[in-house]
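Asks: curious how this folds, go ahead:
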Amino acid sequence: MDSDDQIPHIGPEVHHRNRGVQQMLYPNPPFPIDPDYEFGTPQQRVPYQAAYTTDAERNDAVSRDKRAQRAVWNTNLRLLEVKKSALEKKKTELERRLKAEFKKVNEQQSDLGVGYANYQSPYQA
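Replies: Residues are numbered from 1 along each chain as shown. Model prediction:
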């Protein structure tokens, strides 16, 4: 995905993004078990405020989010490619060693297949 328009929208709409937080400050202990954020005295409350003062700042934040999403996808892709190449190398080694072991098992006398034992190999060569 090369352009920002191709990235699917994640999160709230642009005009609802990153609203300010309202907090209630308790200057003196003991602090209450269940803080009451909305109904504190005016001196204890921090009012809601817009996180971005201009549309340009908000658009910059949206652009950063899209760049961050693209970076996450690129990182995941790179990690998956490394994992795939490592597993492909191990796959050929595993197949080679399993075939050698099955060959030994077939050449040796054993009790495999004798009686009522329900034998199924989890590794098929």
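Asks: from here on, just use CA atoms for contacts and neighbour counts.
Replies: OK.
Asks: can I see the domain layout of this protein?
Replies: As given by automatic domain parsing, the domain ranges for the chain are 9-51, 53-107.
Asks: comparing the ones you listed by mean pLDDT, which bottoms out?
Replies: Mean pLDDT is lowest for domain 9-51 out of the domains of the chain, coming in at a mean of 63.
Asks: how many residues are close by Lys66?
Replies: As a burial measure, Lys66 scores 20 neighbours (other Cα atoms under 10 Å).
Asks: go ahead and confirm it touches Ile7.
Replies: Yes - contact criterion Cα atoms under 8 Å: Lys66 and Ile7 qualify, at 7.1 Å.
Asks: in which helix or strand does Val105 reside?
Replies: Val105 belongs to helix 55-107 when assigned by DSSP states H and E.
Asks: show me what that helix is packed against.
Replies: For helix 55-107, there is no helix or strand it packs on, judged by 3 or more Cα pairs under 8 Å, 6 or more residues apart in numbering; DSSP states H and E.
Asks: tell me the secondary structure at Thr53.
Replies: coil (DSSP: H, G, I helix; E, B strand; the rest coil).
Asks: gap between Gln109 and Leu87?
Replies: From Gln109 across to Leu87, the span is 34 Å (Cα to Cα, to the nearest Å).
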